[in-house]
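Asker: predicted coordinates and the sequence they were generated for:
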Amino acid sequence: MPILSVIVPFHDVEKYLGPCLDSLAAQSLRDLEVICVDDGSRDGAADLVEARMAADRRVRLIRQDNQGVGNARNTGLRHAGGRYLAFVDGDDTVPPRAFHRLVSSLETTGSDLACGNVMRLHRNLLVPSWAHREAFARPLRRTHITRHPLLVRDRMLWNKVYRRSFWESLGLTFPERMYEDQPVAMRAHVGASSVDVLKGVVYHWRLREERSSITERRLEPGNLRDRLLSVLETSSLLAERAPELKPYFDRDTLDIDLAVAVEAVARMGGAADAELLDLAGSYLDGVAPGELLSLPFTRRLMVRLLHLRRLEELAAVFDRDRDGRLWPHLASDGLLRRRWYARHPAVPPPLAEVTGELALAARLLDIGWRDGLLCGEGWATVGRFAVEGLRRMRVRVWLEERGTGDRLALGDEIVSPAWRSVSQEDGGAVPEHGFAFGFAWDPAALGPARLARQGRWDLWAELRGAGLRLAAKVAGPRWLPPSVPAPVRLAAAEPPFVPAPRRVTDPAALLVPSRDAAPDRPAVGSRRGAAATPRRWRGDAPRAADGGRGEADGGRGEADPPFVPAPRRTPGPGRCDPEQAVATTPGHDAGHDAGLGVPVPGPVRRAGVWVVPVRGGRGVWGLRLRRAEAFVSECRLDGDALLVAGELADLGDGDPVLRLVRRTDGEEMYFPLSLTGHRFRARVPLGEVDAPVGRESRWEVVIDQGRPLRPLVRTPARPAATVAGRRFQVDRSDDGTLMLAER
């Protein structure tokens, strides 16, 4: 009798089954059997298992007609002979010491089951599983789900080892439908006398390449029916056996499973199957109303409409939310302790509170140098709520240094809300209700002490008034304009002081720090040759807004955004005209942002330190103060290759090469670099760049001359190219150096 039986059901996963079996063969726990159940596969997966059986006597194959994964697991259980049981899906993998650690824990503690942390596997990239991160943040021995309620999220089978005698004592079997593992895993957690929780990773859960089709299948009526049946079964179990866990389960289920149900029913509209509505309604009947407050208001509204079976209204609200056109009205009450509510007749007042949901979202719409000042225009919203009642609000903008908390005030103005058409990541624009703000900043506000620190400064905005005070870093979609200003070298003389421009649309003047102020005192108040094969050395139109009231409103209280024309980029008082900035800033490259149509200003040098406007990986704007030993002055496409040219301050020893370093995993690629004096030139064939890891790969460009040099980008160009179906974009990293992204 083996110590452990590992049951592996599979169906048409030939592409992934080999790595799965490799990971099981590599387990440090050698005394195990691997029971592979072929659930009617139509590909070569069963042949692959037969080949493994010839090389490893521990592997067994059982064939059956396609009856579903639940039935296949039950089949595997009938053939299992181990003292412990484990389940592995045929498209996942298991770390080498996982089963040894899980079984050893059970042998030591006597617990009924042991479970461990999980990583998501996408191609060769591992990232933490959000569903498991909190529950497995610390190790716990001989605990229980009632004492560690976060295990309510641990509703999968495969990151566990079960004591067989315990499994049989509960009479556990799998229902023959999809989502069969959730009720079984929960029955095991609740029925166990004790559970071991391991902090270490014991399972790699694959994110399949065909994820889009899986996502669509989850909305099919049969798929949704099985999901809701599992939800109801688990809900009934907890209500009967562990009622103290029901609120945790409901919050998680409302956030995940009911979001799928809402989307599926909204797409079906009035044609939704009555059985699905009955299942969803039966579950929601047993949810305490207050648990809905765990959802954002728009999701809360749609769940309520589903529960009330107002299907046409649900479909309309879903469409408006998907298109960015759902803006519920925000209201408040109370004086000393003001509370905020969103208005909609379907949501009763006790369920309408959104006080904890309110957050400021601020982004830049334009940024550039003008007469020595860094000018910016931005847009701020309070979540996605219409805020007509916030008539006169104060917007403050400042830079805050990381680590020290030192602040530089940029702007302070009184504003009122308005509708504005704002660009979205899908390439279109939708109306948003919010507040316009602007700033004009003189680099002279950086005194010697601040320059010497060469720190990072984040751009912040605060909205204050009407009993509301919200602050956030100014961020925005990473790949949308405006582009990061490229480096600009000013004249040696100090730039003249220019008063802050006044905005035509706002009577309040922007406040710019005076040069007479002490520059190092924090402001009052609370952020990179020749063509050759690369050498590698390992280890070294959105829908238009309705002109009148939308069809989804029907007088029921959501804000219906009016049609708002996209803002015109016309110069005038208070606007930072990029063209004028190019014309009046000494040394500025007048090129435009390739493919984006936005001229891009750049860093300014003061006292040998470059002042570099940057935008981080998550779209956060700020400044980076740094010195530079190499510069990129040319970056353009030549066919399917990227040409990079610039200057080195010091030639160093040996022949330099251009190195690409992938941020996610440190993978490196090397390309030749030619030198003419201090000028360098390199050519990167984009088709030879390694395939992306995850949904986006970002390669930082480094010049290696015995020591790494990160060249500062002094050109505004951001060329983009599609090569062999792969989409590349040149950008700047969060310290102003060159970066190549594939998205």
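Answerer: Perfect, I can see it now.
Asker: for A242, what are its contacts?
Answerer: By Cβ atoms under 8 Å, 6 or more residues apart in numbering, the residues touching A242 are 145-146, 190. All C-beta atoms are positioned from the backbone trio N, CA, C, and that covers glycine.
Asker: before we move on, what about G81?
Answerer: Contacts of G81 (Cβ under 8 Å, 6+ apart): 1-2, 5, 33.
Asker: let's see it at 10 Å
Answerer: Applying Cβ atoms under 10 Å, 6 or more residues apart in numbering to G81 gives the contacts 1-2, 5, 33, 35, 164.
Asker: got it, and A72?
Answerer: By Cβ under 10 Å, 6+ apart, the residues touching A72 are 7-11, 36-40, 62, 64, 66, 90, 174, 176, 180.
Asker: same question for T737.
Answerer: Applying Cβ under 10 Å, 6+ apart, we find T737 in contact with 528, 612, 614, 624, 626, 628, 630, 632, 700-702, 709-713.
Asker: which one of the residues you listed is nearest to A114?
Answerer: Comparing the contacts of T737 against A114 with Cβ to Cβ places E700 closest, at 40.6 Å.
Asker: what's the burial count for the closest one?
Answerer: Counted by other Cβ atoms under 10 Å, the residues lying close to E700 total 18.
Asker: quick revisit: buried subset of the contacts of A242?
Answerer: Neighbour counting with 16 or more other Cβ atoms under 10 Å marks 145, 190 as buried within the contacts of A242.
Asker: let me know the closest of the contacts of A242 to R402.
Answerer: Taking Cβ to Cβ as the measure, R402 sits nearest to I145 out of the contacts of A242, at 40.1 Å.
Asker: may I have the phi/psi pair for the closest one?
Answerer: Main-chain torsions, I145, degrees, to the nearest 10: phi -60, psi -30.
Asker: read off the pLDDT value for it.
Answerer: We have a pLDDT of 97 for I145.
Asker: ramachandran angles for the spatially closest residue to L308 that is not a sequence neighbour?
Answerer: In space, and not counting its chain neighbours, L308 is closest to A346: 6.5 Å by Cβ to Cβ, 6 or more residues apart in numbering. The phi/psi pair for A346 (degrees, to the nearest 10) reads phi -70, psi -20.
Asker: isn't A346 right up against T298?
Answerer: No. Counting by Cβ atoms under 10 Å, no contact exists between A346 and T298, whose distance comes to 11.8 Å.
Asker: so what's in contact with those two at the same time?
Answerer: With Cβ under 10 Å, 6+ apart, A346 and T298 have common neighbours V317.
Asker: tell me which of the contacts of A72 fall in strands.
Answerer: The strands, defined by DSSP state E, take in 7-10, 36-39, 62, 64 from the contacts of A72.
Asker: show me what contacts the residue nearest to L308?
Answerer: 300-305, 307-308, 310, 313-314, 317, 352, 556-557.
Asker: among those, which one has the most neighbours?
Answerer: That'd be L301 among those, by other Cβ under 10 Å, with 29 neighbours.
Asker: just to be sure, it is in a helix?
Answerer: Yes. L301: assigned to a helix according to DSSP: H, G, I helix; E, B strand; the rest coil.
Asker: and the gap between the nearest residue to L254 once chain neighbours are set aside and L232?
Answerer: Sequence neighbours aside, L295 is the residue nearest to L254 in space, at 5.7 Å (criterion: Cβ to Cβ, 6+ apart). Going from L295 to L232 by Cβ to Cβ, to the nearest Å gives 19 Å.
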